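Enquirer: just a sequence and a predicted model for now, questions to come.
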Amino acid sequence: MISEYINKTNTIENEISGLRKKHGFISFIRLISFFAGIVLVIAGVSDDNTLILLSGVGFIIVFIVFLRIHANLDNILTGLVARKEVIERYISRLDNTWGAFPDNGSDFLRENDTVSRDIDLLGPNSLYQYLSIAHTDAGRRKLAETVSLRRTERALIGKRYEAVAELAGRSGFVEEFESISARIARRRRRKELQYIEEKRLKLTPVIPLLMVLIPLINIAAIILAVLGIVSPNYIIGVFLVCVILAYSCSTIRDKFMYPIHVLGVSAQDYHQLLKRLSEEQFDSEILAGIKAETIGKDGLINAIKKLCMLSEADNISFNPLIHLILNGFLGWDMWLTYIAAGWNKRYNGAITKSVEIIGNVEELASLAVLSILNKTCRPVIKEIDRDGAVVNAVELYHPLIGSGKVVANSAVIGHGTTVITGSNMSGKTTFLRTVAINMALAYMGAAVCADSMKLSFMKLFTSMRVMDDVAGGISTFYAEILRIKDMAEYISGENDREIPAACFIDEIFKGTNSADRIVGAENAIRRLSSGKGFVIVSTHDFELCDLKSADGENVKNYHFEEYYENGELKFDYKIKDGRCTTRNAKTLLKMAGLMD
């Protein structure tokens with residue numbers, strides 16, 4: 001698969017090289033026509049020669065034409081560069097260098113979101129960082145809310161999975177969609193979009209009056225000059241008066257053109273995204289609904305298309321000289337303001353809705369990346385059965401570990417308590433995170449990394465990366481107590497009856513002495529196992545293997561172990577039934593040179 005993506009980048013690079021040569025040639029022609037036009041206009045006015053003056057105007061028109069051609073080439077080049085970067089990101093995911101992606105969702109990570117930190121949902125080397133193809137603010141925010149399980153709706157899981165699976169089967173569409181949205185990030189600062197505030201505005205009568213009056217006055221002056229009734233210099237005088245009139249209404253213009261100024265050339269990208277959505281035939285309910293909002297007589301695609309045309313006309317204002325000429329002869333700003341007022345009256349709110357729709361697609365497409373690049377399956381969400389398995393997974397593996405290193409495991413986790421023992425570095429913690437992150441994926445509406453997986457809908461709790469708080473006077477041990485207290489309070493409340501708790505605890509009470517740790521763990525496990533869900537604990541304390549859950553049932557034991565080959569310590573990272581019977585702490589100390 002990686003060779004396929006490399007071939008794509010080589011093809012795109014060749015296209016970019018050819019277009020850059022053409023781009024340079026057009027830039028040269030554009031520059032020549034501009035200076036020729038300016039020189040001829042000045043000469044025509046100085047010599048009182050109408051023919052030379054009109055020739056200069058002709059060259060300026062040629063300049064404007066080449067300006068448009070140059071802008072189109074620039075747009076194509078920007079798209080190709082963005083597409084190449086998108087393909088390179090897929091290569092990085094495959095060769096396991098995706099940890100360098102700049103967007104890891106850390107800005108969305110809440111201080112109290114321990115689950116996202118513990119199982120790497122947000123932040124450095126996280127699921128968000130691996131999956132995200134979102135480049136708009138809305139898309140990034142929606143994906144972060146989904147990945148951190150803040151947008152989970154049980155009733156929508158099935159529909160969301162169908163949409164994600166449909167996108168996973170259309171990798172070409174996903175690549176193309178991301179390439180277009182990536183152009184928005186390249187052209188504009190992401191933060192600008194959040195300042196768009198769409199309001200209904202009323203147009204003052206002076207705008208339609210000036211948009212008609214300014215060109216009529218100029219036409220009259222030119223006709224009189226050609227007939228010899230007045231001097232050609234009269235044209236310049238009329239032109240200057242019209243410029244003053246046009247610029248005197250700049251405040252009114254800015255009110256109506258504000259959203260266009262914020263979007264800038266990105267309006268073209270939003271239109272392209274909506275257009276691409278309208279061209280695709282979707283079967284899933286969610287995607288079909290999104291498409292329906294973009295098409296139709298008064299659909300979003302029509303609104304943004306008109307806004308895009310208005311934005312292209314407005315781009316001329318970024319060239320001061322051309323803007324001055326158009327305002328003086330045609331009342332350019334008056335026409336733009338009038339058209340913008342009509343758009344505002346008919347399509348007010350379309351920008352906000354378009355941004356949200358594109359964000360929704362980016363979020364769903366990001367989840368689809370997992371299935372595009374990995375072997376996945378559809379999870380089966382079942383009702384919880386007190387006597388049956390809560391999680392039943394076959395060949396479950398961690399999505400963030402490279403394919404050359406990851407080891408899959410099968411396990412059945414039932415109601416009550418599961419204790420996992422094993423020597424150091426044997427895979428206990430990774431297994432806990434593997435189960436938890438795949439459960440999270442299932443609740444997002446995404447596929448899971450397994451041959452098959454059945455699970456109940458549960459609320460995830462974790463106690464893994466527990467840190468002390470020196471400023472707050474909280475030790476690691478007490479911080480863990482607070483985590484487990486939150487689990488216990490949830491289980492003893494009404495919430496657990498509706499949505500059972502799935503509690504993952506790594507190295508329970510590792511911050512205290514062994515005697516207190518065992519007593520504390522025994523009491524905590526009994527309390528946590530009293531709910532409808534389960535608690536899964538990793539530990540080095542074999543005493544916990546003989547515990548009983550709150551209902552009197554023996555805890556379920558699994559373990560990981562090491563083996564030795566030619567005197568070297570090795571691990572197979574495969575989970576096994578029963579408790580661990582081996583230790584490797586002394587071996588590791590010897591390997592580090594800390595023990596004879």
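Expert: Noted; the coordinates are in hand.
Enquirer: quick one: average confidence on the helix or strand where I6 lies?
Expert: I6 belongs to helix 2-46 when elements are defined using DSSP states H and E. The average pLDDT for helix 2-46 rounds to 83.
Enquirer: just give me the neighbour total for the closest residue to Y128 other than its chain neighbours.
Expert: Nearest non-adjacent residue to Y128, counting by C-beta to C-beta, 6 or more residues apart in numbering: G105, 3.6 Å away. In short, each C-beta sits where N, CA and C put it, glycine included. Residues lying near G105 (other C-beta atoms under 10 Å) number 24.
Enquirer: surely G105 meets V147?
Expert: Yes - if you go by C-beta atoms under 8 Å, G105 and V147 touch, sitting 7.0 Å apart.
Enquirer: shared neighbours of these two, which are they?
Expert: L122, S126, Y128 (C-beta atoms under 8 Å, 6 or more residues apart in numbering).
Enquirer: how near is the first one to N104?
Expert: When distance is defined by C-beta to C-beta, to the nearest Å, L122 is 7 Å away from N104.
Enquirer: can you list residues touching both of those two?
Expert: Y128.
Enquirer: hmm, back to that, in terms of secondary structure, what does the helix holding I6 contact?
Expert: Helices and strands touching helix 2-46, by 3 or more C-beta pairs under 8 Å, 6 or more residues apart in numbering; DSSP states H and E, are helix 50-94.
Enquirer: what angle do the helix it packs on and helix 2-46 make?
Expert: With axes from the mean of the first three to the mean of the last three C-alpha atoms, to 10 degrees applied, the angle from helix 50-94 to helix 2-46 works out at 160 degrees.
Enquirer: tell me the helix or strand right after helix 50-94.
Expert: Going down the chain from helix 50-94, the next helix or strand is helix 114-118, by DSSP H and E.
Enquirer: now the element after that following helix, going C-ward?
Expert: Next element after helix 114-118 (DSSP H and E): helix 127-131.
Enquirer: so who does M453 touch?
Expert: Per C-beta under 8 Å, 6+ apart, neighbours of M453: C377, P379, V380, V391, N392, A393, V394, L396, N438, A442.
Enquirer: ok, 10 Å please
Expert: For M453, the contacting residues are 376-381, 391-396, 410, 435, 438-439, 441-442, 447, by C-beta atoms under 10 Å, 6 or more residues apart in numbering.
Enquirer: strands paired with the helix or strand in which it is found, and their directions?
Expert: Following DSSP H and E, one finds M453 within strand 452-456. Applying DSSP bridges, strand 452-456 is found paired with strand 380-382 (parallel), strand 389-396 (antiparallel).
Enquirer: pick the most buried one from these.
Expert: Mean neighbour count (mean count of other C-beta atoms under 10 Å) peaks for strand 389-396 among these, with a mean of 21.
Enquirer: keeping just the C-alphas, turn that one into CSV.
Expert: Taking Å, rounded to 0.1, in the frame of the first residue of the first chain, the C-alpha atoms of strand 389-396 are listed here in CSV:
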residue,chain,number,x,y,z
ALA,A,389,-19.6,-11.3,28.6
VAL,A,390,-19.4,-7.5,28.6
VAL,A,391,-16.6,-7.5,26.1
ASN,A,392,-15.8,-10.4,23.7
ALA,A,393,-13.0,-9.6,21.3
VAL,A,394,-11.1,-11.8,18.8
GLU,A,395,-7.6,-10.8,17.7
LEU,A,396,-8.0,-7.3,19.1
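Enquirer: buried ones in whichever helix or strand comes after it?
Expert: Per DSSP H and E, the first helix or strand lying C-terminal to strand 389-396 is strand 409-414. Using 16 or more other C-beta atoms under 10 Å as the burial criterion, the residues of strand 409-414 that qualify are N409, A411, I413, G414.
Enquirer: bridge partners for the last one, pull those for me.
Expert: Taking DSSP bridges, one obtains A389 as the residues bridged to G414.
Enquirer: least trustworthy helix or strand in this structure by mean pLDDT?
Expert: helix 585-591 (a mean of 54; mean pLDDT, DSSP states H and E).
Enquirer: give the full set of residues in contact with V361.
Expert: Per C-beta under 10 Å, 6+ apart, neighbours of V361: 133-134, 136, 139, 142, 163, 167, 173-174, 177-178, 181, 273-274, 276-277, 286-287, 290-291.
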